[in-house]
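Trainee: What would the 3D arrangement of this be:
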Amino acid sequence: MKTKTNLLKQVFLLAMLFIVSLNSLNHAAVASSTTDKEKLRAQASKHYDFGELRSGDCVMQAGGKLDIFSDGHAEFRATVWTNHTHSGDTWHHHVYFKDAAGAVIFQITLEGPNHMNDDGTRYAFSSNFNFPAGLFGVVSVVAVEGSC
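Mentor: Just a heads-up that it's a prediction; the model follows:
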């Protein structure tokens, strides 16, 4: 009888340890997810708005936006159109990251939208791209030029 009681105690203790271990794993997973979310929220960002931009018969509407993030990710959004082209225009957005002295430290050309026509359509253009994350703290000004 004493052996059965000891065996039951051992099984009970092992079961309790197993349950505690599972519970700890669940808390660790939740903490990891929360930590990832906190990192995303804590990520530094800079926001730039652009005025109207014209190139030939093409227009980028005032209100274009660029958000850059400390991990080197960037998101560009603009509304564009063409006034006189029937054969399909393409915007070429030239984006220049500059330091406080105005020197260009990074540049990229974003293409699109393609095949714009002068039927009155306003085209929503967006592009995500990467830049060297080490430049984030140095970027002071962002300029956009366009060609079409």
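
Trainee: Tell me the spacing between the residue nearest to residue 90 when sequence neighbours are not counted and residue 139.
Mentor: Spatially, and ignoring its direct neighbours in sequence, residue 90 is nearest to residue 114 (4.8 Å; CB to CB, 6 or more residues apart in numbering). (C-beta placed from N, C-alpha, C; glycine too.) For residue 114, the distance to residue 139 equals 28 Å [CB to CB, to the nearest Å].

Trainee: Which one of these two is surrounded by more residues?
Mentor: For residue 114 versus residue 139, the count of surrounding residues by other CB atoms under 10 Å is larger for residue 139: 18 against 11.

Trainee: can you tell me which residues contact that one?
Mentor: 46, 68, 97-99, 105-106 (CB atoms under 8 Å, 6 or more residues apart in numbering).

Trainee: Turn those residues into JSON lines, columns for secondary structure and neighbour count.
Mentor: Supplementary listing: those in JSON lines, determined by DSSP: H, G, I helix; E, B strand; the rest coil; neighbours: other CB atoms under 10 Å:
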{"residue": "46", "secondary structure": "strand", "neighbour count": "16"}
{"residue": "68", "secondary structure": "strand", "neighbour count": "25"}
{"residue": "97", "secondary structure": "strand", "neighbour count": "25"}
{"residue": "98", "secondary structure": "strand", "neighbour count": "17"}
{"residue": "99", "secondary structure": "coil", "neighbour count": "14"}
{"residue": "105", "secondary structure": "strand", "neighbour count": "15"}
{"residue": "106", "secondary structure": "strand", "neighbour count": "17"}
